[in-house]
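Enquirer: Build me a structure from this.
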Amino acid sequence: MSRRTLTALFAALVLLPSLAFGQTYTLKLAHLNPQNPFEVASAAMAEVFKSEVEANSNGRIKVELYPNGVLGKEAETMIQVKSGVVQSYISSSGGIAQFYPLIDVTNMPFAFSSYNVGYKVYDGAFGQALAKDIEAKAGFKVLGFGESGGFFAITNSKKPIKSPADMKGIKLRTMALPLHQEIVKALGASPTTVAWAEVYTSLQTGVVDGQMNPISIIAMAKFQEVQKYITLTNHLYAPYVWVINPKFYNDLPADLRAVVSDAARTGILAGRGLSRIIDASDKGLPTLAAKMEVYVPTTAEMKQFRDATMPAARKFMSEKYKQEGEKWVDQFYKAIEQAEKELAGK
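Expert: Numbers count the residues shown, from 1 in each chain. Presented below is the predicted three-dimensional model:
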């Protein structure tokens, strides 16, 4: 081998690391809601993620945002993530359920006593185990469990709902989540699955009478324009599941994988913080109360809601998902118990 050839080979070897370092990537991130980061949790998550990734990767990763369901319905967008056409998606529980039905475990009614308990559960060992199972069975890497807006309330256009007895005859919109539908049936109402993009029109035209969502989501969607009554049941706390195409993620250099993971964690914190700010400000309940009749159930009435839904949900998980369902429910409640002890300083 000539000296000239050796010199060229040496130069190429020296250049390879710099070429790898100089490679750039495009990460397309989609979510279901408008890109209003001061009003919508998923928008805040996406905006902060984009800023953190682009800054901390020194421009090696460009993040493109596709909000408001512009790439299609949830199942369609998640299929695009699977195929690598889109790299990442912030999914509702209903969206991920079509690929990983056991996400139902996160929808056990009246499970959380506070937001901090929920954060500890989803950021801790339970969340890590659930993320691992989702990747193994559904083929999505989970970046984290984000804020979907907070505890759920029930709205409707027919009558005040003070107890489960008032739910009879109400057609209530649900996500495509079997456990949500079971909870609604246990309360005496009729569950009707409606895609998110169609909920406002369905409420407006009477296809359904009501729906259930966190206060910040109800305000963001302007449901107060087509609903008369809201009951603050706080019966669910359903997370967003933030997924990314595993091949795209694993093909990134180690330093960029760390950047993406850290940015997702920061984005999740931003979404949670925004939701708590909305809840505490006039953009939350006061905005709804200006046009809706707000009802806070008494302690006795809340017991009726719990008694109607909690045993029914546990029975449903056992019957539908058998031993695996029972295992995840047990792990879920053990994680909640441990989080409550840690927060109490025990």
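Enquirer: And the lengthiest helix in the chain, what does it pack against?
Expert: Ranked by residue count, the top helix of the chain under DSSP state H comes out as helix 299-343. When contacts are defined as 3 or more Cβ pairs under 8 Å, 6 or more residues apart in numbering; DSSP states H and E, helix 299-343 packs onto helix 115-123, helix 125-138, helix 178-186. C-beta coordinates here come from the backbone N, C-alpha and C atoms, glycine included.
Enquirer: Just the C-alphas of the last one, formatted as CSV.
Expert: Taking C-alpha atoms only, helix 178-186 is exported to CSV below (Å, rounded to 0.1, in the frame of the first residue of the first chain):
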residue,chain,number,x,y,z
PRO,A,178,-63.4,-0.2,27.4
LEU,A,179,-62.9,0.7,31.1
HIS,A,180,-64.2,4.3,30.6
GLN,A,181,-67.3,2.8,29.0
GLU,A,182,-67.7,0.3,31.9
ILE,A,183,-67.5,3.2,34.4
VAL,A,184,-70.2,5.2,32.6
LYS,A,185,-72.4,2.1,32.5
ALA,A,186,-71.8,1.5,36.2
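Enquirer: Just the CA trace of the helix or strand following that helix, in CSV.
Expert: Downstream of helix 178-186, the first helix or strand assigned by DSSP states H and E is strand 190-193. Extracted in CSV, the C-alpha atoms of strand 190-193 (Å, rounded to 0.1, in the frame of the first residue of the first chain):
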residue,chain,number,x,y,z
SER,A,190,-75.1,5.3,28.2
PRO,A,191,-71.5,5.4,26.9
THR,A,192,-71.0,6.6,23.3
THR,A,193,-67.6,6.6,21.6
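Enquirer: buried stuff in strand 190-193?
Expert: Applying a neighbour-count criterion of 16 or more other Cβ atoms under 10 Å, the buried positions in strand 190-193 are 191-192.
Enquirer: ok now that strand, how far from the chain's centre?
Expert: Relative to its chain's centre, strand 190-193 lies at 20 Å (Cα atoms, centre = their mean, to the nearest Å).
Enquirer: partners of it, with directions?
Expert: strand 171-174 (parallel) (DSSP bridges).
Enquirer: and the partner strand, what's its mean pLDDT?
Expert: Strand 171-174 shows a mean pLDDT of 98.
Enquirer: residues making contact with that strand?
Expert: Residues from elsewhere that reach strand 171-174, judged by Cβ atoms under 8 Å, 6 or more residues apart in numbering: 154, 156, 180-181, 184, 189-194, 199, 202-203, 207-212.
Enquirer: tell me which residues in stretch 167-187 are buried?
Expert: Buried residues in stretch 167-187, defined by neighbour count with 16+ other Cβ under 10 Å: 167, 170-187.
Enquirer: on that earlier part again, which stretch among the helices and strands packed on helix 299-343 is buried most, on average?
Expert: Between the helices and strands packed on helix 299-343, helix 178-186 has the highest mean count of neighbours, a mean of 23, where neighbours are mean count of other Cβ atoms under 10 Å.
Enquirer: Let me know the angle separating it from helix 299-343.
Expert: Orientation of helix 178-186 against helix 299-343 (axes from the mean of the first three to the mean of the last three Cα atoms, to 10 degrees) gives an angle of 150 degrees.
Enquirer: For helix 178-186, name the packing helices and strands.
Expert: If contacts are counted by 3+ Cβ pairs under 8 Å, 6+ apart, helix 178-186 sits against strand 171-174, strand 190-193, helix 299-343.
Enquirer: where does Val142 land in three-state SS?
Expert: Judged by DSSP: H, G, I helix; E, B strand; the rest coil, the three-state class of Val142 is strand.
Enquirer: Can I take it that Trp242 is in a strand?
Expert: Yes - Trp242 sits within a strand when classified using three-state DSSP.
Enquirer: What is the burial count for the closest residue to it other than its chain neighbours?
Expert: Excluding its sequence neighbours, the residue lying closest to Trp242 (Cβ to Cβ, 6 or more residues apart in numbering) is Leu143, at 4.4 Å. Leu143 has 23 neighbouring residues, counting by other Cβ atoms under 10 Å.
Enquirer: Now for Leu143: which residues touch it?
Expert: Leu143 touches 88, 242-244, 260-261, 264, counting by Cβ under 8 Å, 6+ apart.
Enquirer: Just the buried subset of those residues, please.
Expert: Among the contacts of Leu143, the ones that count as buried by 16+ other Cβ under 10 Å are 88, 242-244, 260, 264.
Enquirer: Turn the helices and strands packed on helix 178-186 into a markdown table, columns for distance to Leu256.
Expert: Output for the helices and strands packed on helix 178-186, formatted as a markdown table (distance: least, Cβ to Cβ, whole Å):
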| stretch | distance to Leu256 |
| --- | --- |
| strand 171-174 | 39 |
| strand 190-193 | 39 |
| helix 299-343 | 31 |
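Enquirer: quick one, which of the ones you listed is packed in tightest?
Expert: Compared across these, strand 171-174 shows the largest average neighbour count, a mean of 23 (mean count of other Cβ under 10 Å).
Enquirer: so how far is stretch 125-138 from its chain's centroid?
Expert: Distance of stretch 125-138 from the chain centroid (Cα atoms, centre = their mean) equals 15 Å.
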